[in-house]
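Enquirer: Next one to model:
(one chain, ligands or ions: 2)
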Amino acid sequence: MPLSFGQSGSPWRGTAPAAEPIAPTPEYLQHFHSLVHSRQQQKSAGYVMERMSQQELDKKRRCGRCNMRHTNLPCKFHPGALDSRKQWTCCNRTAFKIGCESEAEHQVRIYAPGELEQRWRFEPTPTYYLNSSDTRRAVAIDCEMGTAYDGTSELIRVTMIDYFTGAVLVDKLVWPDVEMMHYNTRYSGVTRFDMQTALRAGTCIRGIRNAKAELWRFVGQDTIVVGHSAENDLRALRWIHSRVVDSFLIESALKKESDMREGDGNEKEKEGQPFKKRPEDGLSLKAMAMRKLGRAIQVGGRKGHDSLEDAIATRDLIHFRVVELMAAAESD
Ligand SMILES: [Zn+2]
Ligand SMILES: [Zn+2]
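Expert: Ligands and ions are numbered 1, 2, ... in the order given. Alright, predicted model coming up:
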């Protein structure tokens with residue numbers, strides 16, 4: 001089956017290649033469905049599977065000075081402010097760099113009543129869209145995130161394509177619910193200017209709940225959601241979904257198998273510890289797309305990632321795996 005090339009459009013940038021349609025034959029679906037992870041696999045990979053308890057919410061509290069969790073001592077912070085080039089005025093370091101001053105203890109950040117509950121309200125895929133004609137069999141998603149006022153990651157762009165037809169279902173900027181420290185432009189590809197332009201033009205989605213509502217027009221509880229380390233995307237959306245195929249998890253498992261065959265399986269990993277992302281393992285979406293699809297993605301330099309390009313690459317990687325499984329079944 002051919003993989004996707006050619007040009008089509010991101011509604012607001014237009015650089016990603018088009019996704020070729022895939023025929024959902026019974027044989028294809030059988031192998032595709034075999035890739036869906038169990039609840040336990042999702043859990044150990046860091047997917048949020050239940051609404052957050054008070055204890056978990058308390059762990060979301062951050063220091064008012066350095067934005068780190070309270071367990072992360074000492075407190076290293078920047079006494080200055082971020083300037084327009086996203087550098088700290090105190091030391092000229094970039095926004096990401098660790099604080100230039102240090103204190104033994106953190107500073108308590110005061111949250112408004114209900115603020116944490118509001119921000120971390122996870123919701124499962126609703127049942128009431130189940131019979132909608134818009135509901136897709138499978139979709140692929142990718143999100144871009146910026147950094148909120150308190151140092152946590154915040155959704156700023158969401159993309160969803162139909163896994164089989166390749167149609168772009170949603171590809172929009174999301175105007176954040178909270179104040180932002182910066183948009184992580186180097187990675188997200190989204191600038192403050194993009195966001196303000198989209199707001200003025202009325203083309204962005206306002207907030208996470210509305211973003212989810214747009215996605216859920218196409219997703220029911222049975223819809224398979226494909227993503228690469230999608231626990232991050234689903235967390236950014238505060239979305240609980242239990243039919244997931246994750247290209248990072250699939251490739252990690254394959255790599256683990258081949259490492260063990262070669263006899264250098266890491267003891268710690270054998271005990272079922274959650275996978276850690278290590279770029280040297282070649283499990284980044286960029287490395288996998290090059291290795292398996294011969295496709296260069298995320299090469300926009302300063303423009304960062306493009307969630308449409310990434311969603312298509314993720315979907316094509318899973319397609320590649322299904323085709324492999326079908327070929328293996330045939331040769332048996
Ligand atoms: Zn601190
Ligand atoms: Zn500093």
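Enquirer: Dead centre of this structure: give me the residue that sits there.
Expert: Nearest to the geometric centre of the chain sits Asp233, at 2.9 Å (C-alpha atoms, centre = their mean).
Enquirer: quick one: contacts for it?
Expert: If a contact means C-beta atoms under 8 Å, 6 or more residues apart in numbering, then Asp233 has 141-143, 227 as its contacts. For the C-beta atoms, the positions are set from N, CA and C on the backbone; glycine is no exception.
Enquirer: For those, work out which two are farthest apart.
Expert: Cys143 and Gly227 (8.8 Å; C-beta to C-beta).
Enquirer: Distance-wise, check the residue nearest to the centre of the chain relative to His241.
Expert: Remark: distance between Asp233 and His241 (C-beta to C-beta, to the nearest Å) = 10 Å.
Enquirer: now Leu199
Expert: Applying C-beta to C-beta to Leu199 and His241 gives a distance of 28 Å.
Enquirer: Same drill for these two, tell me which one is more crowded.
Expert: Neighbours of Leu199 and His241, each counted by other C-beta atoms under 10 Å, are more numerous for His241; the result is 23 against 13.
Enquirer: That one and Pro124 touch, don't they?
Expert: Yes. The pair His241 / Pro124 is scored as a contact, 7.2 Å apart, by C-beta atoms under 8 Å.
Enquirer: could you pull out the strands for the stretch 101-250 of the chain?
Expert: 101-103, 123-124, 138-148, 153-162, 168-175, 180-182, 205-206, 224-227, 239-240, 244-246 (DSSP state E, counting those that start in this stretch).
Enquirer: Lowest average pLDDT across those?
Expert: If the strands of the stretch 101-250 of the chain are sorted by mean pLDDT, strand 180-182 sits at the bottom with a mean of 91.
Enquirer: ok so, going back, from Ala81, how far out is the residue nearest to the centre of the chain?
Expert: To Ala81, Asp233 is 31 Å away according to C-beta to C-beta.
Enquirer: same deal with Ile205?
Expert: Counting by C-beta to C-beta, the gap from Ile205 to Ala81 is 29 Å.
Enquirer: Which one's more surrounded, those two?
Expert: For Ile205 versus Ala81, neighbours defined as other C-beta under 10 Å are more numerous around Ile205 (21 against 9).
Enquirer: isn't that one right up against Val158?
Expert: Yes. At 7.2 Å, Ile205 and Val158 qualify as touching, with contact defined as C-beta under 8 Å.
Enquirer: Overlap in contacts, the two.
Expert: In contact with both Ile205 and Val158: 172, 174, 211, 214, using C-beta under 8 Å, 6+ apart.
Enquirer: between those, which is nearest Ala23?
Expert: Distances from Ala23 to the shared contacts of Ile205 and Val158, taken by C-beta to C-beta, are shortest for Glu214, at 27.0 Å.
Enquirer: Name the nearest residue to that closest one, sequence neighbours excluded.
Expert: Excluding the flanking residues, the one nearest Glu214 by C-beta to C-beta, 6 or more residues apart in numbering is Val170, at 5.2 Å.
Enquirer: contacting residues for that neighbour?
Expert: Val170 is in contact with 158-160, 214-215, 218, counting by C-beta under 8 Å, 6+ apart.
Enquirer: go again using 10 Å as the cut-off
Expert: 11, 139, 141, 158-161, 205, 211, 214-215, 217-218, 311 (C-beta atoms under 10 Å, 6 or more residues apart in numbering).
Enquirer: Distance to ligand 1 added to those residues, as a markdown table?
Expert: Converted to a markdown table, those look like this (distance: C-beta to the ion, whole Å):
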| residue | distance to ligand 1 |
| --- | --- |
| Pro11 | 40 |
| Val139 | 39 |
| Ile141 | 33 |
| Val158 | 31 |
| Thr159 | 34 |
| Met160 | 37 |
| Ile161 | 40 |
| Ile205 | 33 |
| Ala211 | 30 |
| Glu214 | 36 |
| Leu215 | 35 |
| Arg217 | 41 |
| Phe218 | 41 |
| Ala311 | 36 |
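Enquirer: Filter these to keep only those in contact with ligand 2.
Expert: Near ligand 2, taking C-beta under 5 Å from the ion as the test, no member of these is found.
Enquirer: ok, of those, which come out buried?
Expert: Among the contacts of Val170, those scoring as buried are 139, 141, 158-161, 205, 211, 215, 218, 311 (criterion: 16 or more other C-beta atoms under 10 Å).
Enquirer: Nearest to ligand 2 among the residues you listed?
Expert: Val158 (32.7 Å; C-beta to the ion).
Enquirer: The closest one against Val168, yeah?
Expert: No. Assessed by C-beta atoms under 10 Å, Val158 is found out of contact with Val168, at 11.5 Å.
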